[in-house]
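Undergrad: generate coordinates for the sequence data below:
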Amino acid sequence: MNIHTSISKKVAWNKGKLIGQKRPFKIKEIWAIRVHLELANNVRELALFNLAIDSKLRASDLVRLKINDICHGSEISKRAMVLQKKTKQAVQFEITEQARNSLKLWIDSKNLVSNDFLFPSRIKSSRHLSTRQYARIVNKWVVIIGLDPADYGTHSLRRTKVTLIYRKTKNLRAIQLLLGHSKLESTVRYLGIEVDDALEMAEQTEV
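TA: Sure, this is the predicted structure:
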């Protein structure tokens, strides 16, 4: 192999880093981040945060969203559907009023139109926010509210709402549909619910 070719190969940003299952955010942590972004008048990141929570999309799908993926004309939809890059399966998600309001502020502030990326990159060489940039933003949020960045990442946002829904309903099939998993076993592993449920039962059992 040519030594110059070897050196010039791009190294993955996460090479050498420990990649494990990331914790979902708790409700108080969600609100801590929201309040911080609102007080900072950070319209872009507030829209990104709210949509990440609602959509439950992987980072690679979230950053590639376009205006026409979430809007009908000038109105932001209450529900949207996208084709997942990893699985090639379509997945639907809700967009709550809170997310719609923050998205409208962001879209209007940048005069974004139908075929524009929802979150354009600030780097000239990129058309939209990259997964690496998104990961850095999430890391910043985690640090700001005093959490350990080793425990959280972009998947924390994907896992947050479904974890809350599962704890309330125990409906695995619903979670499978929301995450766009083809197999229920994938949903079980993704949520780590067998371990969580076992620990919960142990905590409630006195001996």
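
Undergrad: from now on I want contacts and neighbour counts done on CA atoms only, so please keep to that.
TA: Noted.

Undergrad: could I get the full set of helices for the protein?
TA: Secondary structure of the chain (DSSP state H): helices located at 3-8, 27-39, 43-55, 59-62, 67-70, 97-110, 131-144, 154-169, 172-179, 184-191, 193-203.

Undergrad: so which of these is nearest residue 85?
TA: In terms of C-alpha to C-alpha, the element of these nearest to residue 85 is helix 59-62, at 6.4 Å.

Undergrad: ok, and what's touching the closest one?
TA: 52, 55, 84, 85, 130, 131, 134, 154, 155 (C-alpha atoms under 8 Å, 6 or more residues apart in numbering).

Undergrad: bridged to residue 128, which residues?
TA: residue 120 (DSSP bridges).

Undergrad: among the helices and strands of the chain, which has the poorest mean pLDDT?
TA: When the helices and strands of the chain are scored by mean pLDDT, DSSP states H and E, helix 3-8 comes last with a mean of 44.

Undergrad: show the contacting residues for the closest residue in space to residue 181 that isn't next to it in sequence.
TA: Leaving aside its sequence neighbours, residue 181 sits nearest to residue 187 (C-alpha to C-alpha, 6 or more residues apart in numbering; 6.6 Å). By C-alpha under 8 Å, 6+ apart, the contact set of residue 187 is 172, 175, 176, 179, 181.

Undergrad: can you redo those residues as a markdown table with distance to residue 108 and pLDDT?
TA: Below are these laid out as a markdown table (distance: C-alpha to C-alpha, whole Å; pLDDT from 0 to 100):
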| residue | distance to residue 108 | pLDDT |
| --- | --- | --- |
| 172 | 38 | 85 |
| 175 | 33 | 86 |
| 176 | 34 | 86 |
| 179 | 29 | 87 |
| 181 | 34 | 85 |
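
Undergrad: right, and residue 127 touches residue 121 too?
TA: Yes. Assessed by C-alpha atoms under 8 Å, residue 127 is found in contact with residue 121 at 5.6 Å.

Undergrad: re the thing from before, what's the closest of the contacts of residue 187 to residue 69?
TA: Among the contacts of residue 187, and counting by C-alpha to C-alpha, the member closest to residue 69 is residue 179, at 17.4 Å.

Undergrad: quick one: which of the contacts of residue 187 is nearest residue 78?
TA: residue 179 (17.5 Å).

Undergrad: now the protein, which segments are flagged as low pLDDT?
TA: For the chain, residues meeting the criterion pLDDT under 70 lie at 1-20, 193-207.
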